[in-house]
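S.K.: Make a model of this:
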Amino acid sequence: ANGLPRWYQPVLRSERFRRVTNDRFFIVIEARDPSFDVEKTRAFLESLGGLGVEVVED
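M.R.: Numbering: from 1, shown residues only. As a prediction, the model looks like this:
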């Protein structure tokens, strides 16, 4: 990847993302790291009080 911004991001398909510009915020964690574990990451974010933890596929 060349590092330039993409016009399309998969997160834009999320219904919850619509609120991010109104009164919410979003954390995006990309899963490119081979040691990434979706369930451990979900559990970690929920343990911090994360609401609506969602996996968005590319």
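
S.K.: number of nearby residues for residue 45?
M.R.: By other C-beta atoms under 10 Å, the residues close to residue 45 number 15. To be clear about C-beta, it is placed using only N, CA and C from the backbone, and glycine gets the same treatment.

S.K.: Surely it and residue 52 touch.
M.R.: No. Taking contact to mean C-beta atoms under 8 Å, the distance of 9.9 Å between residue 45 and residue 52 leaves them out of contact.

S.K.: which residues are common contacts for those two?
M.R.: Taking C-beta atoms under 8 Å, 6 or more residues apart in numbering as the contact criterion, no residue touches both residue 45 and residue 52.

S.K.: How confident was the prediction at the residue most central in space within the chain?
M.R.: If you average the C-alpha coordinates of the chain and look for the closest C-alpha using C-alpha atoms, centre = their mean, you land on residue 28, 3.2 Å from that point. Among the per-residue scores, residue 28 shows a pLDDT of 81.
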